[in-house]
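S.K.: structure, please.
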Amino acid sequence: MKTTVKESSFTLEDLSLHLQNEVYASIVYRAGKRKGRFNDLLNFSDRLDNNGKVAYARQIHSNKVVSVDTPGLVGECDGLISDCPNVVLAIQVADCLPIFLTAPDMSVIGLIHAGWRGTVAGIAGEAVLKLKEDFSVKPKLLSCFIGPSIHTCCYTVGAEVKEKFHTDHLTKNGPSHYTLDLISANSAQLSEAGVAAEKITVDKRCTHCSESGLHSYRRHGDRAGRNICFLSLK
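M.R.: Got it, this is the predicted structure:
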């Protein structure tokens, strides 16, 4: 798959190099502020060339992670894991973190949607635990890539959100506002769950202020489009 594929008003980026050769990882988004129909975006999964069918969730900002062996709508959750080569995992984000997990010694993958609520609920750690319980994955062998998301440069929160996070992930930004680092918060959860720090890599683009075309809820509000992330085994 090409590094970047532009087709009509959509862009597909290959993210596989951030992980390893045994997986396909990508992100697709529609040009401009317009929302692409979710099914239209999901159709880009056929560019992965593995004949897989998409499994996706009704995302609810939770810490629920589901093991998947068939395509289609999984139900309400925010994390998907699988060892099936013919299933393509998919999540949608627009500032929240897309977290890609792979086990280089095993054919197992995970794809997580982590907003601030899911982060408070500990979804990153739950995903590692679920991979360990369901597939006997050793956390220290996992590789993790945190895809494009909102960064500290643009993520100001009020006291009601600030109270839910450790001070390690907050910087005071005015009398009653703080800058929240969701990336460090989730990286800490992954490390606490046993993932080696050197195996956690982060996309440097901020969805809110980068000019890459990625969608941002904070920038566009309710009319914001979504960035669809795919992950599958080869």
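S.K.: contact partners for the most centrally placed residue in the chain?
M.R.: By Cα atoms, centre = their mean, the chain has its centre lying nearest to P98, at 1.1 Å. Residues in contact with P98 (Cβ atoms under 8 Å, 6 or more residues apart in numbering) are I27, I91, L111, I112, H113, A114, I146, G147, P148, S149, N227, C229. For every residue, glycine as well, the C-beta is placed using N, CA and C.
S.K.: report pLDDT for the third one.
M.R.: Reading off the confidence values, L111 has pLDDT 98.
S.K.: that one - that's part of a strand, no?
M.R.: Yes: inclusion of L111 in a strand is indicated when DSSP: H, G, I helix; E, B strand; the rest coil is applied.
S.K.: please name the residues that touch it.
M.R.: When contacts are counted by Cβ under 8 Å, 6+ apart, L111 is found next to 79-81, 89-91, 98-101, 229-231.
S.K.: again, only this time at 6 Å
M.R.: Listed by Cβ atoms under 6 Å, 6 or more residues apart in numbering, the contact partners of L111 are L80, L89, I91, L231.
S.K.: which strands or helices does the host helix or strand of the last one pack on?
M.R.: Just to be clear, that refers to L231. In this structure, L231 sits in strand 227-233 according to DSSP states H and E. Contacting strand 227-233 under the criterion 3 or more Cβ pairs under 6 Å, 6 or more residues apart in numbering; DSSP states H and E are the following elements: strand 23-30, strand 87-93.
S.K.: follow-up on the earlier one: ok, the residue nearest to the centre of the chain to A197 distance?
M.R.: Distance of P98 to A197, computed by Cβ to Cβ, to the nearest Å: 20 Å.
S.K.: still on that earlier bit, so which of the contacts of P98 is the closest to H208?
M.R.: Using Cβ to Cβ, the shortest approach to H208 within the contacts of P98 belongs to S149, at 9.1 Å.
S.K.: ok, and the closest non-adjacent residue to the closest one?
M.R.: Taking Cβ to Cβ, 6 or more residues apart in numbering as the measure, S149 lies nearest to L97, with 4.4 Å between them; neighbours along the chain are not counted.
S.K.: partner strands of the strand holding L231 and their direction?
M.R.: Strand 227-233 has the following strand partners under DSSP bridges: strand 23-30 (antiparallel), strand 87-93 (antiparallel).
S.K.: residues contacting that strand, please?
M.R.: Contacts of strand 227-233 (Cβ under 6 Å, 6+ apart): 23-29, 41, 45, 48, 50, 52, 85, 88-93, 98, 100, 107, 109, 111, 214-215.
S.K.: equivalent analysis for stretch 162-174, please.
M.R.: Under the criterion Cβ under 6 Å, 6+ apart, residues V120, T156, Y178, T179, D181, S184, A185 lie in contact with stretch 162-174.
S.K.: can you get me a residue count around E160?
M.R.: E160 is surrounded by 7 other residues when neighbours are defined as other Cβ atoms under 10 Å.
S.K.: quickly find the element holding it.
M.R.: When elements are defined using DSSP H and E, E160 is found to belong to helix 159-162.
S.K.: pull out the buried positions in that helix.
M.R.: Of the residues in helix 159-162, those scored as buried under the neighbour-count criterion (16 or more other Cβ atoms under 10 Å) are V161, K162.
S.K.: before we move on, the earlier item: quick check: bridge partners of the residue nearest to S149?
M.R.: When L97 is checked against DSSP bridges, its beta-bridge partners turn out to be A114.
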